[in-house]
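>>> Would you be able to build a 3D model of this:
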Amino acid sequence: MKKKLIGFLASIIIIGALVLPASGTIINKYNPNLLFSNGIIYVGGTGEGNYTNIQDAIDDANDGDTVFVYEDSSPYIENLIVEKSIRLIGEDMYTTIIDGDRTEDSDVVHIESDGVHIQGFTIQGSYLRGTWPDYCCGIETRSNNTTIKDNLIRDNDNGIAIGIILENESNNNIIQGNIITENNQVGIHVTWSINNVIEENLIYSNKYHGIMFLSNCDNNIIIRNNISLHEQVGIALSGCDNNIIQYNNLVKNRDGISISASTKNKIINNNIFDNKNDAIMSGETLQLIKYKWRDNTWDGNYWGRTMSHPKIIMTPCIFTFVNFIWLRFFDIPIFIPLFVFDWNPAQEPYEIK
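Alright, predicted model coming up:
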């Protein structure tokens with residue numbers, strides 16, 4: 001009898017070791033209700049009680065919950081609105097697909113709440129409105145402290161949009177480790193927002209720009225991105241100050257980097273070469289009064305070859321004529337050649353992963 005009892009207890013211990021991890025939480029892909037007390041809701045797969053639609057799971061979640069989406073039931077044909085501070089996690093960024101199906105006037109994922117984390121999806125198929133400033137996007141956030149990480153974002157109007165001009169600031173967001181490609185307008189479009197970090201993304205073959213910062217986007221960091229194959233600009237800044245652009249590859253775009261009406265930006269330690277125009281600064285004569293162009297810092301960039309002299313960066317300026325009778329301004333096509341310099345160009349390319 002004693003031996004039978006010992007054998008029974010040993011069997012219980014072995015089964016427990018197989019079922020229970022060190023944390024003591026039961027992990028069962030097909031019985032996610034066991035995890036609901038820990039704030040995890042499952043979508044897809046074949047588990048009893050799993051949600052069929054991602055939006056239904058989001059609607060039933062509480063702030064701080066995780067909505068985990070299995071690849072089994074992909075693609076999910078949905079346009080999501082996230083109004084809670086949740087983690088939205090896909091099982092695999094290449095096979096867990098959210099497709100907006102070109103639903104009219106809709107983003108694929110629209111984020112309204114602060115503190116959202118989205119990771120591990122392919123996000124595609126926004127409506128293609130194609131008119132500024134009302135683009136539809138793979139992901140649009142009008143909130144703060146959003147993390148968008150390790151997603152494949154393709155075949156949308158804009159890939160990612162942060163902020164809306166004159167309406168919404170969207171600050172302190174992190175865009176990290178995404179592949180952003182083949183979007184109809186811009187890979188990442190940032191407007192009226194500060195203190196964002198865009199890092200370690202692969203951004204290529206979007207229609208016009210890789211990254212565009214427009215109007216009062218200050219104190220942001222763009223670092224360690226690979227940006228290539230855009231019909232217009234790899235990184236474009238207009239009316240944006242005090243940003244850091246560092247350790248990026250800007251290759252095979254029409255313009256590698258373009259800056260206008262902006263000051264006190266640091267463009268340092270980048271690889272900028274094999275573009276039709278590697279770097280351009282431009283603007284109007286009135287902007288020379290407001291913006292101190294020479295306060296932008298170009299330093300230590302690699303320009304595709306060894307250089308024994310400073311790199312000259314052309315800054316053509318359109319002359320603005322003032323009509324004092326009607327008190328109106330007119331641009332006339334007289335270009336004033338100005339120059340800025342990278343005084344210490346790098347002699348070999350940086351390794352940027």
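>>> For the stretch 251-353 of the chain, which residues score under the pLDDT cut-off?
283-294, 316-336 (pLDDT under 70).
>>> what about the strands in it?
255-260, 266-268, 271-273, 277-284, 297-299, 311-314, 317-323, 328-336, 339-342 (DSSP state E, counting those that start in this stretch).
>>> For Ile153, give me the backbone phi and psi.
Phi and psi for Ile153, reported as degrees, to the nearest 10, are phi -120, psi 110.
>>> From Tyr42, how far off is it?
For Ile153, the distance to Tyr42 (CB to CB, to the nearest Å) stands at 23 Å. Using the backbone N, CA and C atoms, a C-beta is placed for each residue, glycine as well.
>>> same question, Lys266
With CB to CB as the criterion, Lys266 and Tyr42 are 45 Å apart.
>>> go on, Tyr350?
On the measure of CB to CB, Tyr350 and Tyr42 end up 43 Å apart.
>>> For those two, work out which one has more neighbours and name it.
Tyr42 (22 against 16; other CB atoms under 10 Å).
>>> Does the more buried one have any beta-bridge partners, and if so which?
Assessed by DSSP bridges, Tyr42 has beta-bridge partners Phe68.
>>> Was I right to think it contacts Tyr51?
Yes. The criterion here is CB atoms under 8 Å, and Tyr42 meets it with Tyr51 at 6.9 Å.
>>> what residues do the two have in common as contacts?
Common neighbours of Tyr42 and Tyr51, using CB atoms under 8 Å, 6 or more residues apart in numbering, are Ala57.
>>> what about Ile153, how many neighbours?
Ile153, neighbours per other CB under 10 Å, totals 32.
>>> How about Asp105?
For Asp105, the count of nearby residues is 10 (other CB under 10 Å).
>>> Surely it touches Ser126?
No. Using CB under 8 Å as the test, Asp105 is too far from Ser126 to be in contact (9.8 Å).
>>> Touching both of the two, which residues are there?
Jointly contacting Asp105 and Ser126 under the rule CB under 8 Å, 6+ apart are Cys136.
>>> Give me the distance between the residue lying closest to Gln176 once chain neighbours are set aside and Pro337.
Leaving aside its sequence neighbours, Gln176 sits nearest to Lys149 (CB to CB, 6 or more residues apart in numbering; 4.8 Å). Distance, Lys149 to Pro337, by CB to CB: 43 Å.
>>> List the buried residues for stretch 64-80?
By 16 or more other CB atoms under 10 Å, the buried positions in stretch 64-80 come out as 65-71, 73-74, 76, 78-80.
>>> typed the wrong thing, it's stretch 172-186
Buried, per 16+ other CB under 10 Å, within stretch 172-186: 172-176, 178-181, 183-186.
>>> out of those, what pair is the most spread apart?
With CB to CB as the measure, no two of the buried residues of stretch 172-186 lie farther apart than Asn172 and Asn184, at 27.9 Å.
>>> Tell me if I'm right that Ile97 and Ile77 touch.
No. Contact between Ile97 and Ile77 fails when scored by CB under 8 Å: they sit 9.2 Å apart.
>>> Now do the contacts for Ile179.
Counting by CB under 8 Å, 6+ apart, Ile179 has contacts 93, 151-154, 201-202.
>>> what bits of the protein have low per-residue confidence?
Along the chain, the model assigns pLDDT under 70 to residues 1-38, 132-133, 165-168, 283-294, 316-336.
>>> Mind doing that once more with 80?
Applying pLDDT under 80 to the chain flags the ranges 1-38, 130-134, 164-168, 282-294, 314-338, 353.
>>> That's all I had, so thanks and see you.
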